[in-house]
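**Student:** Return atomic coordinates for the entry below.
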Amino acid sequence: MKDENTNDQRLKALFGEALGTTPTTEQTEQAWQEFITPRRASSNKRRSLYIGITSAAAILVLMLVLWPMMRMDSSKESIQVFASLESPKEITYTEEGERMEVSTPAGTTTSVTLGDGTQVLLSANSRLSYDKDFTDKKREVTLVGEARFSVAKDANRPFIVRTEQIQTQVLGTVFDVKAYPQTSADVTLYEGKVEVSLNGKSPRQMQPGEQATISKEGKLQLAKASSEQGKWAEGEFAFDNKELMEVMIEIASWYNISVACQHSRLLEEHIYFRMSRKCTIEDIMDVLNDLGVAKFIMKDKQIMITNK
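**Tutor:** Residues are numbered from 1 along each chain as shown. The predicted structure follows:
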């Protein structure tokens with residue numbers, strides 16, 4: 001500001017000289033004001049514009065700095081691993097015409113004997129629908145959830161298990177089918193042979209010890225089943241170097257409890273875990289916390305997985 005006043009005084013003196021014949025001080029001042037006033041206004045506008053541009057630039061820089069942080073905050077929205085299902089409080093049997101339906105609550109299994117002698121062990125939060133008397137041509141059931149089938153042999157009537165994703169057809173064998181809502185279905189074969197397909201299309205033959213799953217691309221794939229597969233029928237949780245995502249889906253579907261995770265990378269952690277299914281969910285969470293891969297807390301009637 002001081003330099004600006006000095007420059008004005010110099011210009012004012014030169015301006016007086018440019019007026020010619022010795023003007024009075026008042027004439028010089030009047031002429032000077034008429035000259036300088038509009039230019040000062042223009043200068044102020046330029047200064048305001050400069051300040052405005054500078055402020056806008058500062059705001060832009062600040063936004064560029066903060067935007068990744070804002071994106072990080074938004075990415076912290078929890079990932080839904082499993083949402084609790086509608087299930088009865090006790091084992092229920094429903095009869096409608098020639099159709100029967102059996103439903104199980106959380107933490108409970110039940111055995112069902114079908115009209116042909118087939119034995120079914122129905123897992124928790126599961127529903128099995130079937131005809132009281134099978135026809136002469138086929139035996140067909142519908143499953144939501146998980147079950148083990150020990151199918152009575154009948155060469156003339158194939159046994160078909162339908163789920164939303166996978167269809168399994170056999171003549172006589174022992175196998176598991178898991179098809180809970182929100183999760184990918186799978187079939188594990190223990191004895192005999194089965195034929196699996198997606199909605200009845202492009203069937204594939206399975207051998208004992210194999211598991212059929214659905215890939216991320218939506219294709220049916222066969223692989224060797226893990227040694228702990230099927231331990232649920234013996235009343236155990238058994239996981240040998242399994243991803244936390246798979247472990248939590250299994251636990252959630254048994255206890256019928258919602259699970260969410262704040263960081264997707266935690267779900268990729270591999271753990272070893274074995275416990276009785278008779279344990280409470282609180283006992284399960286205590287053991288999971290002891291593993292040290294993440295923090296498990298009960299919040300708003302759901303399990304929340306966070307950083308340690």
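**Student:** Who does the longest strand out of those in the chain pair with, and is each partner parallel or antiparallel?
**Tutor:** The longest strand of the chain (DSSP state E) is strand 139-150. Strand 139-150 pairs in its sheet with strand 119-122 (antiparallel), strand 127-131 (antiparallel), strand 159-162 (parallel), strand 174-179 (antiparallel), by DSSP bridges.
**Student:** Now tell me what touches the last one from outside.
**Tutor:** With contacts defined as CB atoms under 8 Å, 6 or more residues apart in numbering, strand 174-179 is touched by 123, 143-151, 161, 163-166, 168, 185-192, 194, 229-230, 233. (Each C-beta comes from the backbone N, C-alpha and C, glycine too.)
**Student:** What's the mean pLDDT across it?
**Tutor:** Mean per-residue pLDDT for strand 174-179: 96.
**Student:** Would you mind writing the CA trace of that strand as PDB?
**Tutor:** The C-alpha coordinates for strand 174-179 follow below in PDB (Å, rounded to 0.1, in the frame of the first residue of the first chain):
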ATOM      1  CA  VAL A 174     -25.600 -89.800  -0.500                       C
ATOM      2  CA  PHE A 175     -24.900 -86.100  -1.100                       C
ATOM      3  CA  ASP A 176     -25.300 -82.600   0.300                       C
ATOM      4  CA  VAL A 177     -27.000 -79.700  -1.300                       C
ATOM      5  CA  LYS A 178     -26.600 -76.100   0.100                       C
ATOM      6  CA  ALA A 179     -28.700 -73.300  -1.400                       C
END
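**Student:** Please, which helix or strand holds residue 297?
**Tutor:** strand 295-299 (DSSP states H and E).
**Student:** Let me know the average pLDDT across that strand.
**Tutor:** pLDDT averaged over strand 295-299 gives 94.
**Student:** Which positions within that strand qualify as buried?
**Tutor:** For strand 295-299, a neighbour-count test (16 or more other CB atoms under 10 Å) marks residue 296 as buried.
**Student:** Give the pairing partners of that strand; include direction for each.
**Tutor:** Using DSSP bridges, the strands paired with strand 295-299 are strand 302-306 (antiparallel).
**Student:** For residue 287, which three-state class applies?
**Tutor:** Under DSSP: H, G, I helix; E, B strand; the rest coil, residue 287 falls in the helix class.
**Student:** Enumerate every residue touching it.
**Tutor:** So residue 287 contacts 273, 275 (CB under 8 Å, 6+ apart).
**Student:** Same check on residue 131?
**Tutor:** So residue 131 contacts 98-100, 115, 140 (CB under 8 Å, 6+ apart).
**Student:** With residue 235 instead?
**Tutor:** Taking CB under 8 Å, 6+ apart, we find residue 235 in contact with 109, 276-278.
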